[in-house]
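Engineer: Here is the input, now give the coordinates:
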Amino acid sequence: MAKRKVKQVRFKKSCIFCKKNLEIDYKNVELLSRYLSSKGKIVSRRFSGNCAKHQRKIAREIKRARFLSLLPYLRR
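Structural biologist: I've put the predicted structure just below:
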């Protein structure tokens, strides 16, 4: 018998920053740490659900916060 392929319906996450009109700032460590993986890497747009514009801003602000040692470069 042939195997049947199961379709998975994925819903698109919407950007929180577009919805709630939030500002992204390097001093808001709590917000930025949500977009870091357990290893300390920046989470991709696919997993975070952000639009391209805000994903670029998040990445830039995380890098600024790391430079000022507000966020770690690596987590162990």
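
Engineer: and the residue nearest to Gly49 when sequence neighbours are not counted, how many neighbours does it have?
Structural biologist: In space, and not counting its chain neighbours, Gly49 is closest to Lys13: 2.6 Å by C-beta to C-beta, 6 or more residues apart in numbering. All C-beta spots, glycine's among them, are computed from the backbone N, C-alpha and C. By the measure other C-beta atoms under 10 Å, the count of residues near Lys13 is 12.

Engineer: shouldn't Lys13 be in contact with Arg46?
Structural biologist: No. Assessed by C-beta atoms under 8 Å, Lys13 is found out of contact with Arg46, at 9.1 Å.

Engineer: before we move on, back to that, so is the residue nearest to Gly49 in a helix, a strand, or just coil?
Structural biologist: coil (DSSP: H, G, I helix; E, B strand; the rest coil).

Engineer: State the distance from it to Asn21.
Structural biologist: Distance, Lys13 to Asn21, by C-beta to C-beta, to the nearest Å: 17 Å.

Engineer: Helices of the chain, start to end?
Structural biologist: Counting by DSSP state H, one finds helices in the chain at the ranges 16-20, 29-33, 45-48, 52-67.
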